[in-house]
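Participant: compute the structure for the input listed below.
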Amino acid sequence: MVSMFGFIWKLVLLVLSIAALVYALDVFGPTTLIANSLIALIALKIIGFLGIKIEINLWTLLILVFWGIPGLIVLGLLSLSGLAFRGS
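Facilitator: Numbers count the residues shown, from 1 in each chain. Presented below is the predicted three-dimensional model:
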């Protein structure tokens, strides 16, 4: 029963993520989203070289893809404060 709930929960998150992506593409356009996401991913790698460790998982990547640079700032602040996304 627990694994069925986990599967349904992941399916709901997938549908919500796709809906958010379609909405963001409609509002901002694909070029802006792709550029912002790529810049944020490159900046995440540079921040990792500077010593700020941010855990990279599905949630981190989704935040970076949808929020871009503002998402990277939020992730950095959460990581530095130790509240979330603290890498080892």
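
Participant: now the residue most central in space within the chain, nearest residue through space, not along the chain?
Facilitator: Closest residue to the average C-alpha location of the chain: Ile63 at 2.1 Å, with C-alpha atoms, centre = their mean. Distance criterion C-beta to C-beta, 6 or more residues apart in numbering; nearest residue to Ile63, sequence neighbours excluded, is Gly71 at 4.3 Å. In this view, the C-beta of every residue, glycine as well, is placed from N, C-alpha and C.

Participant: in what helix or strand does the one you found lie?
Facilitator: helix 69-81 (DSSP states H and E).

Participant: what helices or strands is that helix leaning on?
Facilitator: Counting contacts by 3 or more C-beta pairs under 8 Å, 6 or more residues apart in numbering; DSSP states H and E, helix 69-81 packs against helix 30-50, helix 58-67.

Participant: which one of those helices is the most hemmed in?
Facilitator: Greatest average neighbour count among those goes to helix 58-67 (a mean of 17), per mean count of other C-beta atoms under 10 Å.

Participant: could you dump the helices and strands packed on helix 69-81 to TSV with distance to Leu21 and mean pLDDT?
Facilitator: TSV is the format used below for those (distance: least, C-beta to C-beta, whole Å; pLDDT from 0 to 100):
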stretch	distance to Leu21	mean pLDDT
helix 30-50	8	85
helix 58-67	8	83
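
Participant: so can I have TSV of those showing distance to Lys10?
Facilitator: As requested, these are arranged in TSV below (distance: least, C-beta to C-beta, whole Å):
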stretch	distance to Lys10
helix 30-50	22
helix 58-67	10
